[in-house]
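Asks: the following comprises the amino acid sequence and a computationally predicted model.
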Amino acid sequence: MRILFLNHKIPYPPDKGDRIPGYHRMKHLAQRHQVSLVFPCYRKEELELVKNVERFCVSTDTAYIGLARAKIRCGAAFLAHRPITKAFAFSSQLKRSVDERLRQSKYDLIYVYSSGMAQYVEGVRGIPRVIDLADADSHKWLQYSRRVRFPMSWVYRREGEWLKAYERFLCETFNHAIAISQDEKRLFGTYIPQAEISVVSNGVDTEYFAPASGTPAPQNIVFVGVMSYFANVDCVLYFAQQILPAIKKRVPAAKFYVVGSEPPHSVRALGSDPDIVVTGRVDDVRPYIHDAAVCVAPMRIAQGIQNKILEAMACGRPVVTTSKGNEGINAPDGRAIMVDDSPEGFAGKVVRLLQDPGLGGEIGAAGRKFVVEHFCWHDNMARLEDILERTRDTAACRSQ
């Protein structure tokens, strides 16, 4: 197939949750199909990385979207009662590139990853279009609204409602829609009941994220995640302020590591506690995961699938999370993962693992087995490829 693939950002390097899915989708599809990739860059240094994706694709189009100008457009969109998600991802240069590609080439299918990129092909007719909604972004905004004060709570709530309407429009006008998990599919079904939605999950490179030899530090508790992300900041502050003190009472030697790039001041300030280490960006997160007696992800805001949890499980480390963190993964609680939504219960499960390394080993081994069986990139991307081919074939039959 000749596929026009619109991705929400540069899918390289595949070291963050928002770049990993695009990278593996692009790489897999490009092995057997002609892929024309389109994406925005939000940092000028990303333009230097474009060569790393050009080798996969027959063509690559991008444009730099300055954050200052994007924020101005977002403000204008908000005043005009339009989703700021669309305004943030818009570039007139990128729109011209997409239009030119559509004039010059005959595509068999258009595949759009993330709702913000769909605006570039909203008006296209005669080519089957698939929208991969990934996470239910509208519900993420609604969750944000419950964690911040007015007026931002009002702004986030309005964005969530507008984006729900846009997600409904996309599912009703595109040929097919994709969600990242059965949980997300059920969620979309509550307000888009007529939509035909398939599920294509994420995966984990289980050779890269693999157990290491040696014994982890018995006191180390680790959280791994990009710290410029609101949900991760909320998670870390919640753990440090409401869970860690209870752990320290029972395991005084416990040490908490926050591993991830761009921590804000609120997170960096946690480092004043000698038992909390805020690393900032690291070249490789695996040594921190391998050295953890427990990996934690007490997510209170979450949509889709948490790659950070899958990666820790793939490394054979025991994970304690919340029901929000386990959504989409659905690992069996008490066997392959530990789940608790109360600060006291969460702390108790972490303490239990710190005090019983044998139990940690059992949970970690079961967690890795679960990830290997359910989150294989090859299998999930083969499912995506099959959906795209069936959508193309169905559209061709209807046009005859």
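Replies: Cool, the structure landed.
Asks: CA atoms for contacts and neighbours, from now on please.
Replies: Fine.
Asks: list the contacts for the nearest residue to Asp205 once chain neighbours are set aside?
Replies: Using C-alpha to C-alpha, 6 or more residues apart in numbering and skipping residues adjacent in sequence, the residue nearest Asp205 is Trp377, 7.1 Å away. The neighbours of Trp377, taking C-alpha atoms under 8 Å, 6 or more residues apart in numbering as the test, are His24, Asn202, Gly203, Val204, Asp205.
Asks: out of those residues, which is most surrounded?
Replies: Asn202 (28 neighbours; other C-alpha atoms under 10 Å).
Asks: now that one, what's its secondary structure?
Replies: coil (DSSP: H, G, I helix; E, B strand; the rest coil).
Asks: where's the residue nearest to Asp205 relative to Pro264, distance?
Replies: Trp377 sits 32 Å away from Pro264, taking C-alpha to C-alpha, to the nearest Å as the criterion.
Asks: also Phe39?
Replies: 27 Å.
Asks: show me which of these two is the more surrounded one.
Replies: Between Phe39 and Pro264, Phe39 has the larger neighbour count (other C-alpha under 10 Å), namely 22 against 14.
Asks: check the more buried one and give its pLDDT.
Replies: Per-residue confidence (pLDDT) for Phe39: 98.
Asks: what do you get for Ala395?
Replies: For Ala395, the predicted pLDDT is 86.
Asks: quick one: it and Pro128 touch, right?
Replies: Yes - here Ala395 reaches Pro128: they are 6.2 Å apart, a contact under C-alpha atoms under 8 Å.
Asks: would you map the strands across the stretch 1-150 of the chain?
Replies: Counting by DSSP state E, counting those that start in this stretch, one finds strands in the stretch 1-150 of the chain at the ranges 2-6, 34-41, 59-64, 109-113, 129-134.
Asks: so which of those strands is nearest Arg268?
Replies: strand 34-41 (27.1 Å; C-alpha to C-alpha).
Asks: dump the closest one to PDB, keeping only the CA atoms.
Replies: The C-alpha trace of strand 34-41 is given here as PDB (Å, rounded to 0.1, in the frame of the first residue of the first chain):
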ATOM      1  CA  GLN A  34       5.400   2.800   0.900                       C
ATOM      2  CA  VAL A  35       5.000   5.200   3.800                       C
ATOM      3  CA  SER A  36       4.900   9.000   3.400                       C
ATOM      4  CA  LEU A  37       5.400  10.400   6.900                       C
ATOM      5  CA  VAL A  38       4.100  13.900   8.000                       C
ATOM      6  CA  PHE A  39       4.800  15.300  11.500                       C
ATOM      7  CA  PRO A  40       5.400  18.600  13.300                       C
ATOM      8  CA  CYS A  41       8.500  19.500  15.200                       C
END
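Asks: for that strand, which strands pair with it and how are they oriented?
Replies: strand 2-6 (parallel), strand 59-64 (parallel) (DSSP bridges).
Asks: which of those strands sits closest to Gln303?
Replies: Here strand 2-6 is closest among these (C-alpha to C-alpha), at 21.2 Å.
Asks: burial measure for Val350, as a count.
Replies: Neighbour tally, Val350, other C-alpha under 10 Å: 26.
Asks: surely it touches Ala293?
Replies: No - applying C-alpha under 8 Å as the test, Val350 and Ala293 come out as separate, 9.1 Å apart.
Asks: which stretches in the stretch 301-400 of the chain count as strands?
Replies: 319-321, 338-339.
Asks: neighbouring strands for the last one, and are they parallel or not?
Replies: The one in question is strand 338-339. strand 319-321 (parallel).
Asks: so Thr206 makes contact with Phe370?
Replies: No - counting by C-alpha under 8 Å, Thr206 sits too far from Phe370 to count as a contact (11.3 Å).
Asks: please identify the deepest-packed of the strands of the stretch 301-400 of the chain.
Replies: strand 319-321 (a mean of 26; mean count of other C-alpha atoms under 10 Å).
Asks: in stretch 228-246, what counts as buried?
Replies: 231-240, 242-244, 246 (16 or more other C-alpha atoms under 10 Å).
Asks: hmm, I was thinking of stretch 120-138
Replies: 120-121, 127-138.
Asks: which one of those sits closest to Ala177?
Replies: Ile131 (4.9 Å).
Asks: re earlier: dump the buried residues of stretch 228-246 to a markdown table, plus distance to Thr85, pLDDT and secondary structure.
Replies: As requested, these are exported to a markdown table (distance: C-alpha to C-alpha, whole Å; pLDDT from 0 to 100; DSSP: H, G, I helix; E, B strand; the rest coil):
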| residue | distance to Thr85 | pLDDT | secondary structure |
| --- | --- | --- | --- |
| Ala231 | 17 | 94 | helix |
| Asn232 | 20 | 96 | helix |
| Val233 | 21 | 97 | helix |
| Asp234 | 21 | 96 | helix |
| Cys235 | 23 | 97 | helix |
| Val236 | 25 | 98 | helix |
| Leu237 | 26 | 98 | helix |
| Tyr238 | 27 | 98 | helix |
| Phe239 | 29 | 98 | helix |
| Ala240 | 31 | 98 | helix |
| Gln242 | 32 | 98 | helix |
| Ile243 | 33 | 98 | helix |
| Leu244 | 35 | 98 | helix |
| Ala246 | 39 | 98 | helix |
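Asks: how far away is Ile3 from Thr391?
Replies: Taking C-alpha to C-alpha, one finds Ile3 at 12 Å from Thr391.
Asks: give me the more crowded residue out of those two.
Replies: Ile3 (21 against 18).
Asks: list the contacts for that one?
Replies: His33, Gln34, Val35, Ser36, Tyr107, Asp108, Leu109, Ile110, Tyr111.
Asks: now Ser145
Replies: By C-alpha under 8 Å, 6+ apart, the neighbours of Ser145 are Met152, Ser153, Trp154, Val155, Tyr156, Arg157.
Asks: swap in His378?
Replies: Neighbours of His378 in contact, by C-alpha under 8 Å, 6+ apart: His28.
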